[in-house]
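[1] Could you look at this predicted model? Sequence included:
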Amino acid sequence: MRALALLAVLFAHPAARGAEPKHGTFPNEELKVGTKTRAYRLVVPKGVDLSKPAPLVVAFHGMGIDSKDLMPKYTKLDDLAADKKFVLVYPEAEGRAWGLVPEKVTADLAFFDELLKAVRARYKIDADRVYLVGMSNGGYFAHLVGKERSKEVAAVASHSGPLGLQTLGGVKAERKFPVMIVHGDKDKLLSVEYARENRDKYKKEGHEVNYVEVAGLGHEWATKQKVNVQMWEFFEKHPRK
């Protein structure tokens with residue numbers, strides 16, 4: 001029995017063996033969720049003080065976009081993480097699309113839960129500074145995770161992503177989390193009207209809303225408008241309360 005226990009320790013995850021957490025970019029991380037293996041990309045910039053609790057940003061990619069290569073290049077969030085010194089994780093959706101139907105929504109929420117546990121097991125994460133950001137389909141899912149995990153998440157930033165069918169009757173979150181909504185007024189894939197309706201729905205229920213409507217922008221990341229800086233300023237002002 002002692003031999004088996006020793007083997008279990010030796011082959012456990014490094015964090016479970018008491019290994020020191022490391023800085024770096026880890027693009028091919030895997031996590032067992034139920035019977036499935038899910039993937040994610042983890043970024044821990046050198047500027048993050050590993051001895052202290054750090055903010056965590058979870059970035060959900062858009063439909064058809066992967067978390068390993070395109071999402072980081074598209075958003076430049078790695079650069080923001082290095083500058084502002086936070087831990088960044090990009091979860092990968094199965095089929096490169098976040099859940100819309102109930103079964104997939106449940107599975108993706110379970111992935112988020114296990115991912116949060118896994119990152120916390122490896123690094124010191126500030127429980128009051130867990131933030132979500134997403135683009136398009138990922139923006140929709142950031143809204144949804146915020147609604148369903150409002151007591152865990154400090155604030156949400158959704159870029160070009162509408163609220164889903166789960167909020168037809170209202171957001172109805174347990175906690176009125178702050179939300180930042182970014183949308184281009186020339187978005188032909190998802191009309192800006194969705195964003196305006198989302199803004200009004202959140203405000204009606206008492207959420208603080210930072211609404212950013214970008215003139216002339218289509219369905220793309222608002223890089224020229226320095227949206228990353230705006231998002232981080234919003235996050236910094238809104239730790240969980």
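    Here it is on my side, so go on. Numbering: from 1, shown residues only.
[2] what's across from Lys32 in the sheet?
    Thr37 (DSSP bridges).
[3] okay, it: pLDDT?
    Here, the pLDDT recorded for Lys32 equals 96.
[4] Quick check, Arg96 in contact with Phe60.
    No - the criterion here is Cβ atoms under 8 Å, and Arg96 misses it with Phe60 at 11.3 Å. C-beta coordinates here come from the backbone N, C-alpha and C atoms, glycine included.
[5] Between the two, which is the more surrounded one?
    For the pair Arg96 and Phe60, the greater number of neighbours falls to Phe60 (30 against 15), based on other Cβ atoms under 10 Å.
[6] how close does that one sit to Phe111?
    Phe60 is 11 Å from Phe111, where distance means Cβ to Cβ, to the nearest Å.
[7] shared neighbours of those two, anything?
    Pro91 (Cβ atoms under 8 Å, 6 or more residues apart in numbering).
[8] Val87 is in contact with Pro55, correct?
    Yes - if you go by Cβ under 8 Å, Pro55 and Val87 touch, sitting 7.0 Å apart.
[9] what residues are shared contacts of those two?
    Ile125.
[10] neighbour-wise, which of these two wins?
    Val87 (27 against 22).
[11] so what's the more buried one up against?
    Here Val87 is in contact with 42-44, 48, 54-57, 81, 119, 123, 125 (Cβ under 8 Å, 6+ apart).
[12] quick one: which of those has the most company?
    Neighbour max across the contacts of Val87 (other Cβ under 10 Å) = Ala81, 26 neighbours.
[13] ok, for that one, nearest residue in space, not its chain neighbours?
    Leu88 (4.1 Å; Cβ to Cβ, 6 or more residues apart in numbering).
[14] From Val58, how far off is the one you found?
    8 Å.
[15] Just give me the residue right at the centre of this protein.
    With distances taken as Cα atoms, centre = their mean, Val58 lies nearest the centre of the chain, 2.6 Å away.
[16] hang on, that residue is in a helix, isn't it?
    No - under DSSP: H, G, I helix; E, B strand; the rest coil, Val58 sits outside any helix and is assigned strand.
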